[in-house]
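Q: Predicted model and sequence below, questions to follow.
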Amino acid sequence: MTSFVDTLVPILPEVIVTLTACVVLIADGVLPRSQTRLVLPAVTVGGLALAFLGGPLAPPPGQYFGGYVQIDTFTTFFRAVFLLLAAFATLVAPSYLDRRGVPAGEYYATICFSTVGAMTIALSTDLITLFVGLELMTIPIYVLAGMQRRDRFANEAALKYFLLGAFSSALLVYGFAWLYGITGSTRYIDVATELQRIGLANGPTIVALALVTVGLGFKAAVVPFHQWTPDAYDGAPTPATAFMSVGPKAAAFAAILRILVTGLAPLAVDWSTVFAILAAVTMTGGNIVALVQANTKRMLAYSSIAHTGYILAAVAASSAGPSATAGVLFYVFAYGLMNLGAFACLLYFDTVGSRGATLEELNGFARREPIGALAFFVFLLSLTGIPFTAGFVAKVLVIVPVLDAGLAWLAVFIALNAVLAAFYYLRVVVHMYMYDPETGAPMVPNTRLLSTALGISALATVVLGVVPNSLYEWALQAANAVSLATR
Amino acid sequence: MTIDHILTLLLVVPAIGLLPLYVFRNDPRSVKQVAVVTTLFELVLSLVMLAQFHAGEAGFQLVEEAAWLPSLGIRYLVGVDGISVLLVPMTTLLTFVSVLYSSGGAIKERLASFMAAFLILEIGMVGVFVSLDLFLFYVMFELMLVPMYLIIGIWGGPRRIYSTLKFVIFTLAGSLLMLVGIVAVWLVSGDEGSRTLSLPELLATRGRFSAEFQFWVFLAFGLAFAIKLPMVPFHTWLPDAHVEAPTAGSIILAGVLLKAGGYGFLRFALPLFPIGTQLWLPVIIVLSVVAILYGAGVSTVQKDLKKLVAYSSVAHMGFVTLGIFVLNAQGAVGAVLQMLNHGFVTGALFLFVGIQYERTHRRLIADLGGLANRWPLYTTFFGIFVLASLGLPGLNGFVGEFLVLLGTFKFSGVPLGGLFWGPLAAIGVILAAVYLLWMFQRVMYGPVREAYRALPDLSPIEVVCAVPLVIMTVALGVFPQPAIAIIEPSLQQVLRLATDPGYQLAAR
């Protein structure tokens, strides 16, 4: 008989992150204020690193925890993504939290809790595990968004995010209930088998699928379920924005892949047209609105919607086989790195009373902060999809399955959208590099840690763009793993 | 002397130069020295490469290969043949000239960044001409874009922001569609696990490309090249970019970047998609002739010296596409020579317009005049390049245009026939004489303005910049045979592939 400890071994990384969050909270209470500033982020990053190292200790691929937990390369891949993003979001935050008087201990702990939720989604084999993970991920983010209690915009952000998040969770859980009602099970595999028998062409199945799609669409910010995104991203504290623009989105795609590739596999082909149209609408909608934004933070918020569209295009191409899933995974990884980095670059401009930066405030940034500007430049090139960046390889790896699935029109859509996006991304570069600094524009002091974190991640973006092979192989293995789970 | 891995070395040397550039970034003197020495070394290296090349052979030489993205079958594959082997030294020479000229005081701000942009640009340009894998080619094609975007946007004229964004957006629109085309080629190139983007392998499996597929993919590739070249009606970014770019940027833009378009047609579009070529050929020939006449006509009425040279580029590039798509040896050899000639001559014209502008701060033709009396050296050099540009026999411009026209006359695979389009294109040569000589007369002769009396003639650095370009202009004009001997065998092979009877339209 296996002991309780043995059952915990497969989810060791999740356990470590949970414990890290608790340690951070205790340390925050015990240590004197003067020490927390450095100790807390160090403990957090240390814990996340430990969790990352704990992954390989886990037993071989298989189902654990009474069959509610699936450990495979897909799980490991997403664990790495979430841990990396959490560590990055921790490293860029300290000076901001100091300046704005945001309680540091709570910030780091909340990030950790949310990360545990996201990781839970990736290892789910069951609609209930998935839902628990989803809520565990989202609820801390409502808190993160509203952590600056006295800031009107943060309040608006938190409230909007909370209301729409609750609404979408309700839709999703309702959809799950329908699925359970139709198939008599919450396990993906049983749902899949049963749906295969019943087929798509009946009222209840369509209702269930529509509810699930809309619910996940809200979580991933798919047009037309995206309206909460700009306000929530714009109002939240910038480090929190950086995290919430990537973490929950990556998790939403982990959920979509788990459900779609495993649970709804028999219907994937019928369903993919819907996803293809949603993808086209999402990327175009996000880009067009981003085009007219004068505030960089809002612009990035809309552009992140466009990126949802690109990722969704690969989801729609699921008939191309594992390369589609691998495309999603690679894109999610690259997007996490570059989008978090781009939002974090706005931290240089975070003076009291400002939210993000207007394009004018960016004038001459390259002269004032060369490293930060260069990092931002790299992230923007990557978001545009220029070669020698991770974002370029990601775009290629999305176009590959899209064409393979016979969706040539969608591939052309992606290309044209990338041109649209180039316009507003490069406009930021214009302001940073091609205008002279405004005299006396305020700058944030104490940015050494921020510059280091951004420099490293910009370098990582370039390295992944030059030698992407290992990451792609890994993504491909993960993709094979998730499609194997069907059988 | 033979150097192994010389093509890779050519791609690495500019990157190595970036390091000392960064170390000495705050010392303008060292920055200049590092940049000049790096580009000079690159130039010498490219000449060694040319010496190692065996003229008269059609296939790829100096080939190097390494795994890059093995899970997708994408490789680092470089090599040169007769078409590309001359374009590489042209690139390195023009880069050297640009860097040398810029180090003479034309660039005053952020010098280290400027030189760094040029070195990265050089990697991209050389990379475009030596890549034999479509993925590598695409990556290099885009690598040229970012530095030029910065060069125009940071060191350009008053309307630089508008111009540079227009340049980037236009180019990206074309190249991203080409990316879709490249992925499509990859998918069709083989069954799962054996897919490839390497040109030699694709040529072996091109039988898999159906006629409909070729129609669309040729369009995707062709748009990218047509915008880069630029062909009418995609040329509108060019005058803006040229007018605002700093002199060195204009030299490279006209001298090298435009060639990437023509080269792309020859290297990839023609041999890979013979049916696509047949299908689109009439459109391209008509657009080429339109470009020749339109470019020449618009040049005639330009008031701005730089715009005049820019529009003349549109006309000259029209000869390149015309020569390529008449699908015979004369036309194609003429087109490649025209690319080389245009690189040296128009690069030089932009250099001299820049030299003049730096002294007078005027670019409007009406504001200039009488400079010949004051600047004998300048007038001599500028005169040679103007004459070469208008196609005077004995200078290089003549050879290319003459061969292209000859090829066009012989060509019958287009509605109305080559005997209709050839003479029409020839009118462009006459118009070139009109606008260039008229410009030269208004700028150089007549009464000299008081303000210009004290301005100095060419400086030693400027002479050093101009001399190699003059040598090439005269050498290729008087004695084009060695160049033709290098170019022709490879071109013949491309033409054989493009006109392969197995892939004619009837085969649909």
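A: That came through fine.
Q: Point to the residue nearest the middle of the chain.
A: Here I'm looking at chain A. A:Val246 (2.6 Å; C-alpha atoms, centre = their mean).
Q: wait, I meant chain B there
A: Among the residues of chain B, the one closest to the centroid is B:Lys259, at 2.4 Å (C-alpha atoms, centre = their mean).
Q: for the residue nearest to the centre of chain A, helix, strand, or coil?
A: helix (DSSP: H, G, I helix; E, B strand; the rest coil).
Q: wait, isn't it in contact with A:Gly336?
A: Yes - between A:Val246 and A:Gly336 there is a contact under C-beta atoms under 8 Å: 4.3 Å. (Each C-beta comes from the backbone N, C-alpha and C, glycine too.)
Q: before we move on, which element is the residue of the stretch 251-400 of chain A found nearest chain B in?
A: Proximity of the stretch 251-400 of chain A to chain B (C-beta to the nearest C-beta) peaks at A:Pro387, 4.0 Å away. A:Pro387 belongs to no helix or strand when elements are defined using DSSP states H and E.
Q: Based on its surroundings, how many neighbours for the closest residue to it other than its chain neighbours?
A: Distances taken as C-beta to C-beta, 6 or more residues apart in numbering or on different chains place B:Val139 nearest to A:Pro387, at 4.0 Å, with adjacent residues excluded. B:Val139 sits with 23 neighbouring residues when counted by other C-beta atoms under 10 Å in any protein chain shown.
Q: ok now do B:Val139, which residues does it touch?
A: By C-beta atoms under 8 Å, 6 or more residues apart in numbering or on different chains, the contact list for B:Val139 reads A:Pro387, A:Phe388, A:Phe392, B:Gly127.
Q: Next one: stretch B:167-174, is it in contact with chain A?
A: Yes - Stretch B:167-174 reaches chain A (C-beta under 8 Å from any C-beta of the partner chain) through B:Val168, B:Ile169, B:Leu172, B:Ala173.
Q: contact partners of the strand or helix carrying the residue nearest to the centre of chain B?
A: Using DSSP H and E, B:Lys259 maps to helix B:258-264. With contact meaning C-beta under 8 Å, 6+ apart, helix B:258-264 is reached by B:83-84, B:87, B:90, B:125, B:128-129, B:137, B:141, B:144, B:221, B:224-231, B:313, B:317, B:320-321, B:324, B:335, B:339, B:342-343.
Q: helices and strands around the helix or strand that it is followed by, which ones?
A: Of the helices and strands lying after helix B:258-264 in sequence (DSSP H and E), the nearest is helix B:270-272. Other helices and strands packing on helix B:270-272, by 3 or more C-beta pairs under 8 Å, 6 or more residues apart in numbering or on different chains; DSSP states H and E, are helix B:199-205, helix B:481-498.
Q: So for the longest one, what gets flagged as buried?
A: Within helix B:481-498, the residues that qualify as buried are B:483-484, B:486-491, B:493-495, B:497-498, counting by 16 or more other C-beta atoms under 10 Å in any protein chain shown.
Q: And for that helix, what's in contact with it?
A: B:53, B:55-59, B:81-83, B:85-86, B:203, B:266-267, B:270-271, B:274, B:277, B:327-329, B:332-333, B:336-337, B:340, B:476.
Q: Tell me the secondary structure at B:Ala67.
A: Applying three-state DSSP: B:Ala67 is strand.
Q: pLDDT weak spots in chain A?
A: A:1-2, A:58, A:263, A:265-269, A:352-356, A:439-446, A:484-487 (pLDDT under 70).
Q: In it, mark out all the strands, start to finish.
A: For chain A, the strands defined by DSSP state E occupy A:62-64, A:69-71.
Q: got JSON lines for the ones you listed, with distance to B:Gly354 and mean neighbour count too?
A: Below are those laid out as JSON lines (distance: least, C-beta to C-beta, whole Å; neighbours: other C-beta atoms under 10 Å in any protein chain shown):
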{"stretch": "strand A:62-64", "distance to B:Gly354": "69", "mean neighbour count": "17"}
{"stretch": "strand A:69-71", "distance to B:Gly354": "65", "mean neighbour count": "23"}
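Q: Was I right to think A:Leu260 contacts A:Ala316?
A: No - the criterion here is C-beta under 8 Å, and A:Leu260 misses it with A:Ala316 at 10.0 Å.
Q: how far away is the residue nearest to the centre of chain A from chain B?
A: Here A:Val246 is placed at a distance of 24 Å from chain B (C-beta to the nearest C-beta, to the nearest Å).
Q: dump the residue contacts of that residue.
A: A:Leu85, A:Tyr335, A:Gly336, A:Asn339, A:Leu340.
Q: Relative to chain B, how far out is the first one?
A: In other words, A:Leu85. Counting by C-beta to the nearest C-beta - A:Leu85 and chain B are separated by 25 Å.
Q: burial measure for that residue, as a count.
A: 25.
Q: I figured A:Gly286 hits A:Tyr302, correct?
A: Yes - contact status for A:Gly286 versus A:Tyr302: in contact at 5.2 Å, counting by C-beta under 8 Å.
Q: These two: who's more crowded?
A: A:Gly286 (29 against 24).
Q: chain center to the helix or strand of chain B with the lowest mean pLDDT, what's the gap?
A: Lowest by mean pLDDT, DSSP states H and E among the helices and strands of chain B is helix B:371-374, with a mean of 82. Computed by C-alpha atoms, centre = their mean, to the nearest Å, the chain-centroid distance of helix B:371-374 equals 32 Å.
Q: doesn't B:Val414 fall inside a helix?
A: No - going by three-state DSSP, the assignment for B:Val414 is coil, not a helix.
Q: distance of it from B:Leu266?
A: Distance from B:Val414 to B:Leu266, counting by C-beta to C-beta, to the nearest Å: 18 Å.
Q: what's the neighbour count on B:Val130?
A: Residues near B:Val130, counting by other C-beta under 10 Å, number 28.
Q: ok, and the closest non-adjacent residue to it?
A: Using C-beta to C-beta, 6+ apart and skipping residues adjacent in sequence, the residue nearest B:Val130 is B:Val78, 4.4 Å away.
Q: in what helix or strand does B:Thr164 lie?
A: helix B:160-188.
Q: that older thread, turn the buried ones among the residues of stretch B:167-174 next to chain A into a named ChimeraX selection, would you?
A: Here is the ChimeraX command that selects the buried residues among the residues of stretch B:167-174 next to chain A (16+ other C-beta under 10 Å):
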select /B:168,172,173
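Q: Could you export the residues of stretch B:167-174 next to chain A to a markdown table, including columns for pLDDT and distance to A:Val17?
A: Below are those laid out as a markdown table (pLDDT from 0 to 100; distance: C-beta to C-beta, whole Å):
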| residue | pLDDT | distance to A:Val17 |
| --- | --- | --- |
| B:Val168 | 94 | 42 |
| B:Ile169 | 93 | 44 |
| B:Leu172 | 93 | 41 |
| B:Ala173 | 93 | 44 |
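Q: Looking at the residues of stretch B:167-174 next to chain A, which is nearest B:Lys306?
A: When the residues of stretch B:167-174 next to chain A are compared for distance to B:Lys306 (C-beta to C-beta), B:Val168 wins out at 19.7 Å.
Q: residues in contact with that closest one?
A: Counting by C-beta under 8 Å, 6+ apart, B:Val168 has contacts A:Ala422, A:Leu426, B:Leu145, B:Tyr149.
Q: Look up how far B:Gly407 lies from it.
A: In this structure, B:Val168 and B:Gly407 are 34 Å apart, going by C-beta to C-beta.
Q: which residue sits closest to A:Met283, ignoring its sequence neighbours?
A: In space, A:Met283 is closest to A:Gly309, 2.8 Å off (C-beta to C-beta, 6+ apart).
Q: and the one you found, how many neighbours does it have?
A: By other C-beta under 10 Å, 27 other residues sit near A:Gly309.
Q: can you list the residues of chain A near chain B?
A: Within chain A, the positions near chain B by C-beta under 8 Å from any C-beta are A:381, A:384-388, A:392, A:395-396, A:399-400, A:403-404, A:408, A:411-412, A:414-416, A:418-419, A:422-423, A:426-427, A:429-430, A:433-434, A:467-469, A:472-473, A:476.
Q: Apply the buried test to these and list what passes.
A: Among the residues of chain A next to chain B, those buried by neighbour count (16+ other C-beta under 10 Å) are A:381, A:384-388, A:392, A:395-396, A:399-400, A:403-404, A:411-412, A:414-416, A:418-419, A:422-423, A:426-427, A:429-430, A:433-434, A:468-469, A:472, A:476.
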